[in-house]
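Trainee: Sequence and predicted structure below; questions after.
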There are 2 protein chains.
Amino acid sequence: MELSDRQKIILTLVVHEYIRTASPVGSKNLVEQYQLDMSSATVRNELGLLTEMGYLRQPHTSAGRVPTEEGYRYFVERLLRRTELPDSTQFMISHQFYQTRPDVDEWMKLAASILASQSHAASLITPPHSDKTRFKHVELVATRGQQILMVLVLLGGEIRQRFVTLDESFNQEKLSTTADHIRTFVQGMTADEILSRQNQTQGLEKTALGWIMDELHSVSSTTGEVFLDGLTNVMAEPEFSGNDDARRALRVLEERSLLQEVLERTAANSSIGGVQVIIGGEGTWEELRPFSMVLGRYGKPGLATGSLGVLGPLRMSYGRTISTVRFLSGLLSSLLMDTMVE
Amino acid sequence: MELSDRQKIILTLVVHEYIRTASPVGSKNLVEQYQLDMSSATVRNELGLLTEMGYLRQPHTSAGRVPTEEGYRYFVERLLRRTELPDSTQFMISHQFYQTRPDVDEWMKLAASILASQSHAASLITPPHSDKTRFKHVELVATRGQQILMVLVLLGGEIRQRFVTLDESFNQEKLSTTADHIRTFVQGMTADEILSRQNQTQGLEKTALGWIMDELHSVSSTTGEVFLDGLTNVMAEPEFSGNDDARRALRVLEERSLLQEVLERTAANSSIGGVQVIIGGEGTWEELRPFSMVLGRYGKPGLATGSLGVLGPLRMSYGRTISTVRFLSGLLSSLLMDTMVE
DNA sequence: TTTAGCACTCTAAAGGCGAGAGTGCTAAAC
DNA sequence: GTTTAGCACTCTCGCCTTTAGAGTGCTAAA
């Protein structure tokens, strides 16, 4: 099923042109637009072949050709050559990051916003998250009554807070001492390791260890909130002009659980710096059929990693989007490296 | 400009019917639908009067009537009688809150989701936030190198984290001691009060106080992230069926700064438990012209308060929405009361 | 193998038409 | 004086037809 050079060129051009204009592209138009040195009839023959092979399709007889999912896939995997973002753009982006205050949330918001504007699509990003969560630091703060605020810092820098109620009330001093002791006692441990040690303790300390294990468990089972940006971009695309399509698009983005699933599933296969492209849901996610996603990961493997990516129409500008995602994932990783709690 | 009783009834019915059907309501229809004991001609006369007074308008000659912004306003302020949510609904909602783990973020998400589904519109909510930010607790955590993680707890329970870089590196023990001392030294103070005391300190402690004041300032100038839910609801309304309208609606919701401005401006005038209704942007916000908002506040005044509300089409179901907002703001306030750091 | 020519197909935009809903006005009825 | 029946008029909306245009596939010649 190898394509001839000419077929590759034509497929590339069809994809380009369709991405540009969003309307089916015909043979004559193609020849004129790109000044090909062959006639429209020749192109027509090739188009017919490519259609037979399943890379193109016609919305109806006597309409131009539109890439199929397979067409996009072939294009992305075989025809798209790797490009880097222009230096000026890279610089512009980096600059913005170094101007904000060093805060993971800020960075995420900024990354989402940049990604959305660069790709003209919706962007998404999850906070850095570790799958093997280890204890780093705990703090117990007396509030009023029997309420205690527990602040938990994990290896990797994630922070969790939680309110707990006790039967008796403790003063801040007692709480601080307990926290101090816990810190050295279970430094760097996982929930399981802490469990095996819990019996050596008693009273408040034992209770607190229980909360900590709870939190550690709950952290490893959740994948932080998905940040979104650029929702309007995807609505602006003509294929989502109908009210119903538009709503469906929005629904996908609002339905965080689907996104989380896709991100998690994809996370398994992708390494930091590697970019994955999911075209039309890849047969697995029905709701994603009219969309493509470009996903990357950032962070430090084993310590804490997050995903970032773009959701747009099938006819998104893959080259530009892929290089943007790759660049941003690298940038975020290095920014994060400096603030990792080890 | 006082309306007769009959005019009030008719205006109410027009608003009701238009909210229900989303299409202009005519005299005949009105009489049949509500079995009024007058003829359509009489109703027609009253409609003409109401139109002259500016409470109704006709999309074109020979179409039914549609409420104007003034019409909605009159309806909400004078004709809508205060109702409470049915007991069963109240119970159902409370139940959901007590089932989640006690975490402000969780509550906010839940509140947004309930509000969206109850009102069939988009909901928004901001985290509890204090305008006079006071220090409650600080923690300094050694990471690697010269990076330090500072976790700051404010009176009211807000938590801020931040990474800072130092010229020299300190061990955890030194950091803990410093944090301990700071805690007692500036307990409950505002940024200004801390400033007047900073000169009594030196070294790491002085530096840390600087960071803390920075954070306190930055907290009081920001209003936390606006949570959103139910975006698809507003898209489902027929008045936003056109692609362009839909995008504009979405843009309003994505443009957080506008929302923040509205929320802040409104916060000034509204007390806990009071609900404000903003119809058509009230002449101030052009982008909000096609929308209505129902806003409430929750929390404990002076300590920490947040806003919650709904953004929907002008023809939203005001009665139901208002009572939902009122109920949720009360519920959130009491939930929060238990976890307030004082 | 490529190209010119041609008959054919299908969409999308534009125009025309009729049904239906609603209005305002007038004159009669209460 | 208020209410109502009757009526002519207006305007939209959905439906149909028509038409222009773009694109195709096929055939036969270069």
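Mentor: Perfect, I can see it now. Values in this document were obtained by computation on a predicted structure and should not be read as measured data.
Trainee: Provide a list of residues in contact with A:Leu166.
Mentor: A:Gln146, A:Ile148, A:Leu204, A:Thr207 (C-beta atoms under 8 Å, 6 or more residues apart in numbering or on different chains). (Glycine included, C-beta is placed from N, CA and C.)
Trainee: Pull the residues that contact stretch A:315-329.
Mentor: Residues contacting stretch A:315-329 (C-beta under 8 Å, 6+ apart): A:15, A:18-19, A:22, A:67, A:72, A:75-76, A:80, A:82-85, A:90, A:93, A:111, A:114-115, A:118-121, A:237, A:239, A:272-273, A:275, A:277, A:292, A:294-298, A:308-310, A:312.
Trainee: repeat that with 6 Å
Mentor: A:18-19, A:76, A:80, A:83-85, A:111, A:118-119, A:121, A:275, A:292, A:294, A:296, A:298, A:310 (C-beta atoms under 6 Å, 6 or more residues apart in numbering or on different chains).
Trainee: Show me which residues of the stretch 151-300 of chain A sit near chain B.
Mentor: A:151, A:153, A:159, A:161, A:163, A:231-232, A:235, A:241, A:243, A:246-247, A:250-251, A:254 (C-beta under 6 Å from any C-beta of the partner chain).
Trainee: Just these: which are in strands?
Mentor: Among those, DSSP state E puts A:Val151, A:Val153, A:Ile159, A:Gln161, A:Phe163 in strands.
Trainee: where's the last one relative to B:Asp105, distance?
Mentor: As for A:Phe163, its distance to B:Asp105 is 12 Å (criterion: C-beta to C-beta, to the nearest Å).
Trainee: So which of those two has more stuff around it?
Mentor: Higher neighbour count among A:Phe163 and B:Asp105: A:Phe163, with 19 against 13, using other C-beta atoms under 10 Å in any protein chain shown.
Trainee: What residues are bridge-paired with that one?
Mentor: Beta-bridge pairing for A:Phe163 (DSSP bridges): A:Leu149.
Trainee: Can you pull the poorly scored residue ranges out of the stretch 101-250 of chain A?
Mentor: A:145 (pLDDT under 70).
Trainee: can you give me the strands in it?
Mentor: Assigned by DSSP state E, counting those that start in this stretch, the stretch 101-250 of chain A shows strands spanning A:122-125, A:135-142, A:147-154, A:159-165, A:227-229.
Trainee: name the helices or strands packed onto the third one?
Mentor: Secondary-structure packing of strand A:147-154 (3 or more C-beta pairs under 6 Å, 6 or more residues apart in numbering or on different chains; DSSP states H and E): strand A:135-142, strand A:159-165.
Trainee: how does it look with 8 Å?
Mentor: strand A:135-142, strand A:159-165, helix A:203-221, strand B:147-154 (3 or more C-beta pairs under 8 Å, 6 or more residues apart in numbering or on different chains; DSSP states H and E).
Trainee: can you check the fourth one too?
Mentor: With contacts defined as 3+ C-beta pairs under 8 Å, 6+ apart, the packing partners of strand A:159-165 are strand A:147-154, helix A:203-221, strand B:159-165.
Trainee: between the longest one and strand A:135-142, how big is the angle?
Mentor: Put simply, helix A:203-221 runs at 130 degrees to strand A:135-142, going by axes from the mean of the first three to the mean of the last three C-alpha atoms, to 10 degrees.
Trainee: So which bits of helix A:203-221 are buried?
Mentor: Within helix A:203-221, the residues that qualify as buried are A:204-205, A:207-209, A:211-216, A:219-220, counting by 16 or more other C-beta atoms under 10 Å in any protein chain shown.
Trainee: could you check the distance from the residue of chain A found nearest DNA strand D over to chain B?
Mentor: Here chain A gets closest to DNA strand D at one residue, A:Gly26, 2.7 Å apart by C-beta to the nearest atom of the strand. Note on A:Gly26: its distance to chain B, by C-beta to the nearest C-beta, to the nearest Å, is 26 Å.
Trainee: what's A:Phe97 in contact with, if anything?
Mentor: A:Trp107, A:Leu110, A:Leu331, A:Leu335.
Trainee: May I ask which of those has the most neighbours?
Mentor: Result: A:Trp107 is most packed of those (other C-beta under 10 Å), 23 neighbours.
Trainee: and that one, what is it in contact with?
Mentor: A:Phe97, A:Thr100, A:Leu332, A:Leu335, A:Leu336.
Trainee: Tell me which entries of those lie within strands.
Mentor: Among those, no member lies in strands (by DSSP E).
Trainee: biggest separation within these, which pair?
Mentor: Farthest-apart pair in the contacts of A:Trp107 is A:Thr100 and A:Leu336; separation 13.6 Å (C-beta to C-beta).
Trainee: These two: which has the busier surroundings?
Mentor: With neighbours defined as other C-beta under 10 Å, A:Thr100 and A:Leu336 compare such that A:Leu336 has more, 21 against 13.
Trainee: And the residue nearest to that one when sequence neighbours are not counted, what's its pLDDT?
Mentor: Leaving aside its sequence neighbours, A:Leu336 sits nearest to A:Gly299 (C-beta to C-beta, 6 or more residues apart in numbering or on different chains; 5.7 Å). With respect to pLDDT, A:Gly299 scores 91.
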